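Engineer: Next comes the sequence, and after it the predicted model I'd like to discuss.
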Amino acid sequence: MSTASATRESARALARDRRRQAWSRNWRTFRSHRSGLIGLAILTGFAVVAVLAPLIAPAEGLEVTKATGGVLEPPSSEYWLGTDDKGRSVLTLLIWGARISLFVGLAATVISMVIGTLIGLTSGYFGGWAGAILFRVTEWFLVIPFLPLAIVMATVLGRSLLNIVIVIGVTSWPGTALLIRAQTLTIRERPYLERARVLGAGPSHQIRRHILPNVMPMVFANTTLTVAVAILTETTLSFLGLGDPTRVSWGSMLDDAFSVGAITTGAWWFIVPPGVCVVLVVLSFTLVGQALEEVLNPRLGAGR
Amino acid sequence: MTETGTTTLKARGLSIRFQGRGGPVARAVDGVDLSIATGEIVALVGESGSGKTTLARALLGLEKPAAGEVLLDGQPLERTARGLRSFRRRVQLVLQDPAGALNPRHTVYESVAEGIRLHRLESSDSEGRSEAQLVAAALSSAGLRPPERLFLRYPHELSGGQRQRVLIAGALAMAPQLLVADEPVSSLDASIRGEILALLLNLRETLGLGVLVVTHDLGLAWNIADRIAVMYLGRVVEAGPTEEVLRDPQHPYTRALLSVVPEIDQMEPVVLHGEVPDPTRIPPGCRFHPRCPALADGAAEAAGVADDCRRTALEVLPAGGGHHVSCHLVAARQSSQR
Amino acid sequence: MTHLLELDDVSVTYVTAGGDVPAVRGVSLSVAAGEVVGVAGESGCGKSTVAATILRLQPPSARVTGRVLFEGEDVQTMKWGALRALRWAGASMVFQGALHSLNPVQRVGAQISEPIRLHEPDLSDKKVETRVGELLEQVGLPRQRARAYPHQLSGGQRQRVMIAMALACRPRLIVADEPTTALDVMVQAQVLHVLQGLVSDLDVGLLMISHDLSVLADLCDRIAVMYAGRVVEHGPADKVFADPLHPYAGALSASFPRIGDVAARYAPAGLPGDPPDPAELPSGCSFHPRCPKRFDDCDKVAPELRSDGTSRAAACLLVEPR
């Protein structure tokens, strides 16, 4: 019967329509959060700068041998944010640092989210001894002081960009895992899961079709908060000299500034800009995360 | 659908126990025989704590029995993934609480198609119908016409009655032979309730389905059930054809339960004290004896069975036809008449 | 007979962003001391909103017109002090879902005694304790239960504690909103038994709100059946249940089968369709789209509640005064 296939086609189109409606509804709610909107604007700005870095500030500005400025020159019309101890423009460093900081933050978050979601889902859904063991592992990671563990791992793995990403990703998942585990535990008890079981759904179907779609919004909101933490961690590790020595990040800039005594010499332009950037980006991610949480979590929304 | 003749789902000596963490064992279902065949509607009636929902879950293979077994056409239920898979196609569940039994993020179409996709029924359909056609057919059988209009609705956009029909459609999409309906109408408004019950009757008529309705509502049983089984504290205490059990109840518990149904005027209400005891502490002898009005007013004493009531446990009632009562007093009266 | 409670043409409209939503439209009702009056209806018919206006508990977004008179005084316009006195000692409410209305970390005795202590601060501890014990016994619980925490009680026992709390300041009217919903039949019977005893022993008035017409028929003297914000039938309880005038009351009554009635075997009675959305009420009689007896004029004329010449009244064009 051709009418049925037509129905199906139009059904798909309608489903797309409905999804679009849901998105625009969510966007409207998000827009009503002024702080989230500001955060989003700031982040977009940083992202654009990071992506366009090669165009805005040519890469040779990073090379010590091709440095054109003097040592620790204060801001001037030529060097808007002054120069560092090797004569490079701080603005150029800042722009290229945004690339590294954002990349490390996002990549580490992806790793952290994947690990956290997998462990949270399995320990929440399966329960039993496997779930108990995973839960203990999560708790174990949670109580180990985070920074020493990251330092030890960074030292053992060696100083490279990829290692920094791995170190941050592998140490920052327990919070996500606990959150997702809790959410999974409540959804597992919903009647519609029982219904799915009786329809003959195995664990993978139940997780894919019922649990994951219902925990994803939380994962999503949590992601932005994790990015903030990851960027902060990258800064910390780089400041402690554990970052990739071949690349400039905001953390390594702060490290350099500290080691040449920028504070005592009063070269504020070397310290303040990277510091402000870290704060701004972290704050923006947090603001967006909070707004997203309210958009995607109907319970918080109703409480307002 | 019923070309193989009748199909019978049976519980034999079924017991289900729950163990709290280091706590006492709760005997939620404590020895039950029950059967349900295609073409009949059986009501499983009891108060909360009677074990009726646990029994229904066990019949669906969702609980592992501590003793006894579940049989489908005489074959013990296989607990392998494969065995359960073919079992699920024949026995389906309709849950209570429409708001919570549908995934709020799934459209009506997705919810009804779920079973079809899981079992790839589309490829095995004898008439070569597409998935959308199967979904539409299931929705129309559940009385939602025209079905296409509802395909893309979300549960929160439906009325309670419609949600309950979608749940029934989701089960019907599997073309099952038996349905287990757990309180299918308890959360619905009275005027909607009748429509859903009429649908169940209609499905029995047109598709030859067998339905086990789990309920606390004796009026519902009178409305649609051929047979009725009354549960108390993990056991069936009285079972038989609905007319006989409800018009001439024998067990003191059934009599009390019936007497407090508001719309029955001709019976003097017997309000029992207290509530159904905790299944971790099932009384010895007849499990109903601490609350039994017949023991309290001396009727059991007069018949000489009061000691039995307190000490001698009763047999498990047989499944199937006939009116059976699990009570020392009724047994004594019957044997004296003979 | 002077009335304890009198509702005179009460309407409640919720003012929302999407426009005004009429929840209750012109309800008149009265309760005398020692009388049990029932309000029946399905979810969304406005019965709980009516109950809320009696103690002025409706949400701020609700606009109330008409008069709600308690012992001759208008509850909706009375001063705050008078309203407080009314809520304490004049009329009290029993809600459904007693688990959420009780404080989980306080013994039930303390919760029952709270209004007594506030109301009569001079009363000695000993006297308060005695009074709590009496109240518990009145609702069929042993005195010692005062020392229990809510989670140690069963659903039926908690509901009785709620009733005891409602009785604490010796009210003259009790408004019970679905007091037995979610309780088992036997426990429901126990709670209804307690309520019945209170009315005859203490001579209080009881306004009972329920979706279950059969329960009301058993307990009440008079019943008002509501549909889409209006009273569509009003009369003596047994008459309304056994021989309803309005087609909706008839359908509602039929959906509670009489066990033993051969006509109800394999014939569950229901109504097609769903109750109307209060924001988009049908024209004419709100019930006409679902009415099995509708005829030409039903979608044009909105019938008033009118007497059939006896103690009964119905809002249906088919009901003629005798």
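Structural biologist: The structure has been received and is ready for your questions. Everything quoted here is computed from the prediction, not taken from an experiment. Numbers count the residues shown, from 1 in each chain, chains lettered A, B, ... in the order given.

Engineer: burial of whichever residue of chain C sits closest to chain A, as a residue count?
Structural biologist: Closest contact between chain C and chain A, by C-beta to the nearest C-beta, is at C:A17 (13.9 Å). Any C-beta I mention is one placed from the backbone N, CA and C, and that applies to glycine too. Look at C:A17: counted by other C-beta atoms under 10 Å in any protein chain shown, it has 5 neighbours.

Engineer: Quickly note the distance from it to C:A279.
Structural biologist: Distance, C:A17 to C:A279, using C-beta to C-beta, to the nearest Å: 12 Å.

Engineer: can you tell if the helix or strand hosting C:Q196 touches chain B?
Structural biologist: Using DSSP states H and E, C:Q196 maps to helix C:185-202. Yes: under the criterion of C-beta under 8 Å from any C-beta of the partner chain, chain B is reached by helix C:185-202 at C:V185, C:M186, C:V187, C:Q188, C:A189, C:Q190, C:H193.

Engineer: quick check, nearest of these to A:A257?
Structural biologist: Using C-beta to C-beta, C:V187 is the member of these that lies nearest A:A257, at 73.9 Å.

Engineer: Spatially nearest residue to that closest one, not counting backbone neighbours?
Structural biologist: C:G156 (3.5 Å; C-beta to C-beta, 6 or more residues apart in numbering or on different chains).

Engineer: same deal with B:E315?
Structural biologist: B:E315 sits nearest to B:S326 (C-beta to C-beta, 6+ apart), 7.1 Å away.

Engineer: What is the burial count for the one you found?
Structural biologist: Using other C-beta under 10 Å, B:S326 is surrounded by 24 other residues.

Engineer: doesn't B:H251 make contact with it?
Structural biologist: Yes: B:S326 is in contact with B:H251 according to C-beta atoms under 8 Å; the separation is 6.9 Å.

Engineer: if we can go back for a sec, if any of the residues of helix C:185-202 next to chain B are buried, put those into a ChimeraX selection.
Structural biologist: To isolate the buried ones among the residues of helix C:185-202 next to chain B in ChimeraX, judged by 16 or more other C-beta atoms under 10 Å in any protein chain shown, type:
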select /C:185,186,187,188,189,190
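
Engineer: How are the strands of the stretch 1-150 of chain C distributed by residue range?
Structural biologist: C:5-16, C:19-31, C:36-40, C:62-70, C:73-74, C:91-94 (DSSP state E, counting those that start in this stretch).

Engineer: Reduced to three states, what does C:A176 come out as?
Structural biologist: strand (DSSP: H, G, I helix; E, B strand; the rest coil).

Engineer: pretty sure it is in contact with C:Q196, am I right?
Structural biologist: No: in this structure C:A176 lies outside contact range of C:Q196 using C-beta under 8 Å: 11.7 Å.

Engineer: out of the two, which sits in the busier spot?
Structural biologist: For C:A176 and C:Q196, the more surrounded residue by other C-beta under 10 Å is C:A176, and the numbers stand at 27 against 14.

Engineer: per-residue pLDDT, the more buried one?
Structural biologist: Looking at C:A176, its pLDDT stands at 90.

Engineer: List the contacts of the residue lying closest to C:L252 once chain neighbours are set aside.
Structural biologist: Nearest non-adjacent residue to C:L252, counting by C-beta to C-beta, 6+ apart: C:L213, 5.3 Å away. Counting by C-beta atoms under 8 Å, 6 or more residues apart in numbering or on different chains, C:L213 touches B:A190, C:A40, C:I223, C:V225, C:V240, C:F241, C:A249, C:L252, C:S253, C:F256.

Engineer: What of A:A267?
Structural biologist: By C-beta under 8 Å, 6+ apart, the neighbours of A:A267 are A:L72, A:P74, A:G82, A:A257, A:V260.

Engineer: and if you look at A:G105?
Structural biologist: With contact taken as C-beta under 8 Å, 6+ apart, A:G105 is in contact with A:V227, A:A228, A:A230, A:I231, A:E234, A:V281, A:F285.

Engineer: related to what we said a few turns ago, can you pull the phi/psi pair for the residue nearest to C:L252?
Structural biologist: phi -60, psi -30 (degrees, to the nearest 10).

Engineer: hang on, the earlier thing: could you tell me which of the contacts of A:G105 belong to helices?
Structural biologist: Secondary structure defined by DSSP state H assigns A:V227, A:A228, A:A230, A:I231, A:E234, A:V281, A:F285 of these to helices.

Engineer: related to what we said a few turns ago, for the residue nearest to C:L252, give me the pLDDT.
Structural biologist: The score at C:L213 is 91. That number is its pLDDT.

Engineer: what's the distance between it and B:L317?
Structural biologist: For C:L213, the distance to B:L317 - C-beta to C-beta - is 35 Å.

Engineer: where does the residue of the stretch 151-300 of chain C found nearest chain B land in three-state SS?
Structural biologist: Closest residue of the stretch 151-300 of chain C to chain B, C-beta to the nearest C-beta: C:G270 (2.3 Å). Per three-state DSSP, the secondary structure class of C:G270 is coil.

Engineer: B:L200 is in contact with that one, correct?
Structural biologist: No: using C-beta under 8 Å, C:G270 is not in contact with B:L200; the gap is 11.8 Å.

Engineer: okay, residue 166: pLDDT?
Structural biologist: Unless you meant another one, I'm taking chain A. Model confidence at A:I166 (pLDDT) stands at 89.

Engineer: The intended chain is chain C.
Structural biologist: Note on C:A166: pLDDT of 86.

Engineer: show me what contacts it?
Structural biologist: Counting by C-beta under 8 Å, 6+ apart, C:A166 touches C:S92, C:M93, C:V94, C:I174.

Engineer: between those, which is closest to B:R21?
Structural biologist: C:V94 (36.3 Å).

Engineer: Look up the closest residue to C:C45, ignoring the ones flanking it.
Structural biologist: That would be C:M226: by C-beta to C-beta, 6+ apart, it lies 4.5 Å from C:C45.

Engineer: mind listing what's buried in stretch C:193-213?
Structural biologist: C:194-195, C:198-199, C:204-213.

Engineer: next one: stretch A:201-221
Structural biologist: Applying 16+ other C-beta under 10 Å to stretch A:201-221 flags A:201, A:205-207, A:209-212, A:214-215, A:217-219, A:221 as buried.

Engineer: Tell me the one among those residues nearest to A:V104.
Structural biologist: Looking across the buried residues of stretch A:201-221 and measuring by C-beta to C-beta, the closest to A:V104 is A:V219, at 20.0 Å.

Engineer: so how far is A:L292 from that closest one?
Structural biologist: Taking C-beta to C-beta, one finds A:V219 at 11 Å from A:L292.

Engineer: for C:S28, same thing?
Structural biologist: 51 Å.

Engineer: Equivalent analysis for B:R129, please.
Structural biologist: Taking C-beta to C-beta, one finds B:R129 at 42 Å from A:L292.

Engineer: Those two: who's more crowded?
Structural biologist: For the pair B:R129 and A:L292, the greater number of neighbours falls to A:L292 (25 against 17), based on other C-beta under 10 Å.

Engineer: Isn't that one up against A:L225?
Structural biologist: No: counting by C-beta under 8 Å, A:L292 sits too far from A:L225 to count as a contact (9.3 Å).

Engineer: Whether stretch B:36-46 contacts chain A - can you check?
Structural biologist: No: Stretch B:36-46 lies apart from chain A when judged by C-beta under 8 Å from any C-beta; the minimum separation is 15.7 Å.

Engineer: With just CA atoms, put that stretch into PDB.
Structural biologist: C-alpha atoms of stretch B:36-46 as PDB (Å, rounded to 0.1, in the frame of the first residue of the first chain):
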ATOM      1  CA  ILE B  36      -5.000 -18.500  32.500                       C
ATOM      2  CA  ALA B  37      -5.900 -19.600  29.000                       C
ATOM      3  CA  THR B  38      -6.600 -17.900  25.700                       C
ATOM      4  CA  GLY B  39     -10.100 -16.600  25.400                       C
ATOM      5  CA  GLU B  40     -10.700 -16.200  29.100                       C
ATOM      6  CA  ILE B  41     -10.400 -13.200  31.500                       C
ATOM      7  CA  VAL B  42      -9.200 -14.000  35.000                       C
ATOM      8  CA  ALA B  43      -9.200 -11.400  37.800                       C
ATOM      9  CA  LEU B  44      -6.500 -11.700  40.500                       C
ATOM     10  CA  VAL B  45      -7.800  -9.700  43.400                       C
ATOM     11  CA  GLY B  46      -6.200  -8.600  46.600                       C
END
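
Engineer: Many thanks, we can stop here.
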